[in-house]
Every structure is written in structure tokens, then in C-alpha cells.
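In: Would you be able to build a 3D model of this:
(one chain, ligands or ions: 1)
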Amino acid sequence: MAKAYKSAKRTLVIVLVAIISVTLLIVFFANNSGGALDDVYRFFGVLPQESGEDFVSFIDVGQGDSVLISSNGYNALVDTGPPESQESLIESMGELGVDDIDVLVVSHLHNDHTGGIKAVCENYSVDNLIASDLDKKSNKDTDIAKQEVLSNGGKVYTAQAGMNFTLGDFEITVIGFYPDMADENNRSIVVMAKIEDYKFLFTGDAQAKAENRLLLDGINLDCDVLKVGHHGSKTSTSEKFLKAASPQFSVISVGEGNKYNHPSASVLEDLEEESMVIRTDESGTVTFHIRNNKLSCNKEKQ
Ligand SMILES: [Zn+2]
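Out: Next up is the predicted model:
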């Protein structure tokens, strides 16, 4: 009996030493970084640096826009899709591991961009808001966002060209905003998100007129991933603008069989000459991961 007890005790000690060694190894590797270790994390069932992920996700919200920029657990959401996609937006955000929104950017006041604000504010705390001057012009959704942010002790910022902030490993800059323009689409806040060697350009629904202003102002539009303006409408993505942006990937956020016939065949043709085109109506939610200064693209539907 005593022998058996001793042997069990020895086994227990060996198991404990093994567990401690593995834990120490994981801690050591975690502190010495390295994305290749994700597999090690997965093997041991430890969160694969969940909070250390850097990604940009073009969420499938049907006919509208919503993009999540996430880094080290910090989240910025650019637009919230149309009202009819509120539920699926919240579901997608859950799948993407969102726990709160550090910055909400509302590109402009059309409801295919602001329609999910109510649901976002009901499900997440939103800490900061960047929008056009909401004291001058707002809608019921942006009023909700403003209220949410202020009640959290956060700040509501009126967009200005040149304003920028850091979100984890991303540097996010408002590269253009023309509130004096007549068309609400052209008053879209234009944002560039930079991480390591990669740049993501978001133009909201800006049309050729606003694109020309960006070009005239000498703004560097060069990017790797372009969120195509105004869901691929022929009123956006002028030839000059596309040359200046020269994206590797173009993402069109668009609803299947939409009544606007977006994207336009001619814009699609131009984009395909320049880049790899990905459409959310065909591919679902599209996520770009940035790991070890490498860009990879995952589509929800192949
Ligand atoms: Zn739109």
C-alpha cells in the first residue's frame, strides 16, 4: 500500500512539474512575442493572444457600411450599417470579439451608415465619437450616439482634416472632410488607418467631387486596401482617384440585389484592372489580419 501511495505521489509531482514547465514556457514565449506561436497557444487551449490581434473587418451589413478596426483589444467602428441589419451587426461584432467601442466614427448622416447606432449603443459602451458637427446637423441615431458617449464621460469630436489618434498598433487619421459641400455624401469623413507597412482607406460615400478635393489638396491617398466609395456607385471612384489610391484590394460593401444596382459595371471594371475586388454580397464579412507585418484576407463565404 505504502509503495503504491509513493508511486502515485511521484506521478503527481511529475505531472505538476510538467504543468508548471509548460506554463513557464508559455509565459516566456508570450513575453517574447512572435505570431508563429499562435499555434502553440491554440494547442494548449490558451487564448491565442486574443487581445493582441490586429485586424480590419468589413462587416456584411447588406446595403450599407460598417468597418471594425481592432488592435490589442481596442476597437474603432466606422459606421454601423442600415437599420434592418442591426441584429446581424451585433451578432458579427460578438463573433469578432468586441467588448466595447473606444471610438465610433460616423462618416455621414445617411441611414445605411447610421442605422445600427441604436443597437450598438444598447449592446456596447461607446467611449468616443467622431462625426460631422452634430450641433448643427444630426439625426435620431447620432443623437443616441452623442447621448451614449456623454453619459460615459467620453468626448464627441467634430471631424477636422488632420486629426488623428492611436488605436493599439493603428494610427488613424482623418485625411479629408469637406462640410461645406452641398451633397451629404460628399461631406463624408475620409479616414486612413495605418499599421506597420499597410494602409486602409475609408471614404464613406464620398463622390467624385470630394475625391477631386482630396487630390487638389495634395492628400496622399496611396493605400493597400480601399473601402470603395458609395458602395461602388458610378458617381464615385474616379479614374484619377483610383490611380492615386492604387489599392491592392478593393472592398465593396454592398447588398445582394440592391435597388440601386450597386456596384456599377464600369467602376467594377476599373477596380478589377487595378486590384483584387472583394464584395460583401458575395463574400460576407471580409477580415484582413495583420501579423508580423504580413497582410492576410479571410472571407466568411468562399
Ligand atoms: Zn451609403
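In: how far away is Thr80 from Phe241?
Out: Going from Thr80 to Phe241 by Cβ to Cβ, to the nearest Å gives 25 Å. No exception for glycine: its C-beta is placed from N, CA and C like everyone else's.
In: more crowded one of those two?
Out: Thr80 (34 against 20; other Cβ atoms under 10 Å).
In: which residue packs closest to the more buried one, ignoring adjacent ones?
Out: Closest residue to Thr80 apart from its sequence neighbours, by Cβ to Cβ, 6 or more residues apart in numbering: Gly116 at 3.2 Å.
In: Run a quick neighbour tally on the one you found.
Out: 30.
In: OK, contacts around it?
Out: For Gly116, the contact set (Cβ atoms under 8 Å, 6 or more residues apart in numbering) comprises 61, 64, 66, 80-83, 85-86, 89-90.
In: ok, which of the residues you listed also contact the ion?
Out: Checking the contacts of Gly116 against the ion by Cβ under 5 Å from the ion, not one of them is in range.
In: Now flag whichever of those residues is closest to the ion.
Out: Comparing those against the ion with Cβ to the ion places Gly64 closest, at 6.0 Å.
In: okay, now the closest one: neighbour count?
Out: Look at Gly64: counted by other Cβ under 10 Å, it has 29 neighbours.
In: While we're on it, how confident is the model there?
Out: pLDDT for Gly64: 98.
In: swap in the one 3 residues further on?
Out: Here, the pLDDT recorded for Val67 equals 98.
In: give the contact list for Ile130.
Out: For Ile130, the contacting residues are 103-106, 157, 159, 163, 174, 189, by Cβ under 8 Å, 6+ apart.
In: cool, and Val190?
Out: 174-177, 201-204, 206, 210, 214.
In: List buried residues within the contacts of Ile130.
Out: Among the contacts of Ile130, those scoring as buried are 103-106, 157, 159, 163, 174, 189 (criterion: 16 or more other Cβ atoms under 10 Å).
In: Show me the contact partners of the helix or strand containing Ala145.
Out: Assigned by DSSP states H and E, Ala145 falls within helix 140-151. Applying Cβ under 8 Å, 6+ apart, the set of residues contacting helix 140-151 from outside is 80, 104, 106, 109, 111, 114-115, 117-118, 120-121, 125-129, 131, 134, 138, 155-156.
In: Leu271 against Thr237, yeah?
Out: Yes: using Cβ atoms under 8 Å, Leu271 is in contact with Thr237, at 6.8 Å.
In: separation between Ser92 and Gly218?
Out: 37 Å.
In: if we can go back for a sec, let's have the contacts of Val190 in JSON lines, adding secondary structure, pLDDT and distance to the ion.
Out: Formatted as JSON lines, the contacts of Val190 follow (DSSP: H, G, I helix; E, B strand; the rest coil; pLDDT from 0 to 100; distance: Cβ to the ion, whole Å):
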{"residue": "Val174", "secondary structure": "strand", "pLDDT": "98", "distance to the ion": "18"}
{"residue": "Ile175", "secondary structure": "strand", "pLDDT": "98", "distance to the ion": "19"}
{"residue": "Gly176", "secondary structure": "strand", "pLDDT": "98", "distance to the ion": "17"}
{"residue": "Phe177", "secondary structure": "coil", "pLDDT": "98", "distance to the ion": "16"}
{"residue": "Leu201", "secondary structure": "strand", "pLDDT": "98", "distance to the ion": "16"}
{"residue": "Phe202", "secondary structure": "strand", "pLDDT": "98", "distance to the ion": "12"}
{"residue": "Thr203", "secondary structure": "coil", "pLDDT": "98", "distance to the ion": "11"}
{"residue": "Gly204", "secondary structure": "coil", "pLDDT": "98", "distance to the ion": "7"}
{"residue": "Ala206", "secondary structure": "coil", "pLDDT": "98", "distance to the ion": "10"}
{"residue": "Ala210", "secondary structure": "helix", "pLDDT": "98", "distance to the ion": "13"}
{"residue": "Leu214", "secondary structure": "helix", "pLDDT": "98", "distance to the ion": "18"}
